[in-house]
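Chemist: Structural data only, the sequence is not supplied:
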Ligand SMILES: NC(=O)c1ccc[n+]([C@@H]2O[C@H](COP(=O)([O-])OP(=O)(O)OC[C@H]3O[C@@H](n4cnc5c(N)ncnc54)[C@H](O)[C@@H]3O)[C@@H](O)[C@H]2O)c1
């Protein structure tokens, strides 16, 4: 099997590459190496696996088309390349649009122009649902909880693109679905909540679970924006890659569909809870500073993952406790990467 991963040197992309390559599949990784840490991930992939690398910016249609043409026979494209931080999208919305909206459109167009038939799985985001201010939220045991929603946010929730990042990822999400409808391309969309795991170079602006873990291991202070009671459902990247593979294998069942993907209600966690978990596991006090809420930050987001369970038989296998242990272990073993 031949797999093309855009953004393949990013956190999720390099984990996909690693797992398929280990299995003996042919893996092509495409990335412009713009993200901090992506070169380190490429180095790691090259040292441990047999992969082909293409340095390419997805917003450059000519170059992307040539890369797709050269790999006409790929079975599946995992489209991960993106500008990933809401904050950066606010300071440079044009570039955010060029990468996320236009870059995705370029990929779809390249596939359509050459009349190729790969499966395309797109990494979308829960940000397509916006702030959801209509939902009643309560403060329970120092964490925010939905008052009336037992299973979290389902795919029937109305779309409400919020922030340039929400708009660019959301329009890409809709284009990917529509290319199944109008052109018959085998696409599916995964609206991801918070993914964490090894090879994640989390920073303050994106990848909070890894960012907190790296700070905790390296004895650096952590800034919490807001009160820290914010809740997210967290999913270990290994479980996400398992889902991606199931999605590819069952594309006939899910073509043109979107799924909310995260750790679900069993793996929800507040920022304060992660800090206390890290303190317990590392047996040390973490220095925490507080700063004002970031605009648009949701008090709680938990994915209802029952659609993926029902149609694909998928559910997370790695609990938040186990996943955080694995992440801590990776950071401890790789301290030199964060200097
Ligand atoms: N990590 C999460 O929690 C999360 C949550 C929701 C959605 N997502 C989505 O999942 C995907 C992967 O996220 P990640 O956490 O691995 O991010 P990441 O930043 O680690 O990886 C993205 C990769 O894309 C590359 N890239 C950026 N611009 C590019 C361009 N113009 N051309 C080619 N490559 C480019 C970067 O160099 C990087 O290697 C993204 O689409 C992101 O929006 C991630």
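Modeler: In hand now; what should we look at? Because the structure is a prediction, the values reported are computed rather than measured.
Chemist: Please tell me I have it right and residue 101 contacts residue 172.
Modeler: Yes. If you go by C-beta atoms under 8 Å, residue 101 and residue 172 touch, sitting 5.4 Å apart. For every residue, glycine as well, the C-beta is placed using N, CA and C.
Chemist: who's more crowded, those two?
Modeler: residue 172 (28 against 21; other C-beta atoms under 10 Å).
Chemist: roughly how far is the host helix or strand of residue 177 from the heart of the chain?
Modeler: Per DSSP states H and E, residue 177 falls inside helix 163-183. With C-alpha atoms, centre = their mean, to the nearest Å as the basis, helix 163-183 stands 16 Å off its chain's centre.
Chemist: got the buried residues for it?
Modeler: Buried residues in helix 163-183, counted by 16 or more other C-beta atoms under 10 Å: 163-177, 179-180.
Chemist: following that helix, which helix or strand shows up next?
Modeler: From helix 163-183, the next helix or strand downstream (DSSP H and E) is strand 186-192.
Chemist: Sheet partners, orientation included, of that next one?
Modeler: Here strand 186-192 is paired, per DSSP bridges, with strand 119-125 (parallel), strand 257-261 (parallel).
Chemist: The first one to helix 163-183, inter-axis angle?
Modeler: Counting by axes from the mean of the first three to the mean of the last three C-alpha atoms, to 10 degrees, strand 119-125 lies at 150 degrees to helix 163-183.
Chemist: Does strand 119-125 reach the ligand?
Modeler: Yes. Strand 119-125 reaches the ligand (C-beta under 6 Å from any ligand atom) through 123, 125.
Chemist: mean confidence for that strand?
Modeler: Averaged over strand 119-125, pLDDT sits at 98.
Chemist: Would you mind identifying the next helix or strand past it?
Modeler: Downstream of strand 119-125, the first helix or strand assigned by DSSP H and E is strand 137-140.
Chemist: tell me what that next one is packed against?
Modeler: Judged by 3 or more C-beta pairs under 8 Å, 6 or more residues apart in numbering; DSSP states H and E, strand 137-140 is in contact with strand 143-146.
Chemist: what does the strand it packs on contact?
Modeler: 135-139, 152, 229-231, 270, 272-273, 299-300, 302 (C-beta atoms under 8 Å, 6 or more residues apart in numbering).
Chemist: so which of those is the most crowded?
Modeler: Busiest of those [other C-beta under 10 Å] is residue 302, holding 29 neighbours.
Chemist: Identify the residues contacting the closest residue to it other than its chain neighbours.
Modeler: Leaving aside its sequence neighbours, residue 302 sits nearest to residue 152 (C-beta to C-beta, 6 or more residues apart in numbering; 3.7 Å). Neighbouring residues of residue 152 by C-beta under 8 Å, 6+ apart: 146, 233, 260, 262, 264, 265, 302, 303, 304, 305.
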